[in-house]
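Engineer: What follows is a predicted structure for the sequence shown.
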Amino acid sequence: MKPTSAYISEGQDIKIPLGCKLLYHEVELGVVISKRCSNISPSDASDYIGGFLLALDMTAKDFHIEAKEKSRPWFLCKGFDTSCPASGFIDKEKLSNYSDTRLWLKVDGVTKQNCSTSDMIFSVPEIISYVSKYFTLEVGDVILTGTPAGSGPVHAGQTIECGLADIAAMKFAVVELN
């Protein structure tokens, strides 16, 4: 769940939230829903995909650890302002093989994540189907599908670059919240 204030586009900065001492990067494939759906099967899920986006799911890891220890919701650690840098919309025809496409991320030019969506624990159709059992999905809703191995910390002054095969790439500076 991401509030609209979480989304930013290239050219804007990722701002470390107040009090956060451990911020993690996670590169992810985002799925954009094309039509209203509820309780759909994995075999029907592709009928509801309008397109995709490249996203970073930034996590205030210290907030996350504390929330888990105290059995509190994770919303704060995942939904803070600027926590979801995202690319523009990618038409599904441009990414026809979404089940086997490369996601990569670099911090200050050093590769930290480099995997295929085929390595994901759950397939995109399985994720859409599962979510639709609990939420009615609406046109324009975005589902982030999970991150490959290599998620890790970033600090103020560092630069994150990430990409989705040769289809999309983006770059963001990490800064302290002023």
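Structural biologist: Yes, it's here.

Engineer: Restricting to C-alpha, output the helix or strand of the chain with the lowest mean pLDDT in CSV.
Structural biologist: One helix or strand of the chain scores below all others by mean pLDDT, DSSP states H and E: helix 75-79, with a mean of 84. The C-alpha coordinates for helix 75-79 follow below in CSV (Å, rounded to 0.1, in the frame of the first residue of the first chain):
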residue,chain,number,x,y,z
PHE,A,75,2.8,1.0,6.5
LEU,A,76,5.2,3.6,7.9
CYS,A,77,8.3,1.7,6.9
LYS,A,78,7.0,1.3,3.3
GLY,A,79,4.7,4.3,2.7
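
Engineer: Which positions in it come out as buried?
Structural biologist: Leu76, Cys77, Lys78, Gly79 (16 or more other Cβ atoms under 10 Å). The C-beta positions use only the backbone N, C-alpha and C, and glycine is treated the same way.

Engineer: For it, which outside residues touch it?
Structural biologist: Met1, Lys2, Pro3, Ala6, Asp57, Thr59, Ala60, Lys61, Phe63, His64, Ala67 (Cβ atoms under 8 Å, 6 or more residues apart in numbering).

Engineer: Most neighbours among those residues, which one?
Structural biologist: Ala60 (25 neighbours; other Cβ atoms under 10 Å).

Engineer: what are the phi and psi angles of it?
Structural biologist: Phi and psi for Ala60, reported as degrees, to the nearest 10, are phi -80, psi 90.

Engineer: I'd like the numbering to begin with 52 instead of 1 from here.
Structural biologist: Sure thing, new numbering starts at 52, so read that last one as Ala111.

Engineer: Isn't it up against Leu69?
Structural biologist: No - the pair formed by Ala111 and Leu69 falls short of the contact definition of Cβ atoms under 8 Å, at 9.8 Å.

Engineer: SS state for Leu69?
Structural biologist: With DSSP: H, G, I helix; E, B strand; the rest coil as the basis, Leu69 sits in coil.

Engineer: Which residue ranges of the protein form helices?
Structural biologist: 112-120, 126-130, 175-183 (DSSP state H).

Engineer: Compare those helices and give me the one nearest Ala207.
Structural biologist: helix 112-120 (14.8 Å; Cβ to Cβ).

Engineer: Quick one: distance of the closest one to the chain centre.
Structural biologist: Centroid displacement of helix 112-120 relative to its chain, using Cα atoms, centre = their mean, to the nearest Å, is 19 Å.

Engineer: cool, stretch 205-217 as well?
Structural biologist: That offset, for stretch 205-217, works out to 13 Å (Cα atoms, centre = their mean).

Engineer: what residues are up against the residue nearest to Ile211 when sequence neighbours are not counted?
Structural biologist: Closest residue to Ile211 apart from its sequence neighbours, by Cβ to Cβ, 6 or more residues apart in numbering: Phe223 at 5.1 Å. Counting by Cβ under 8 Å, 6+ apart, Phe223 touches Ile59, Glu61, Gln63, Asp64, Ile65, Leu107, Pro136, Thr210, Ile211.
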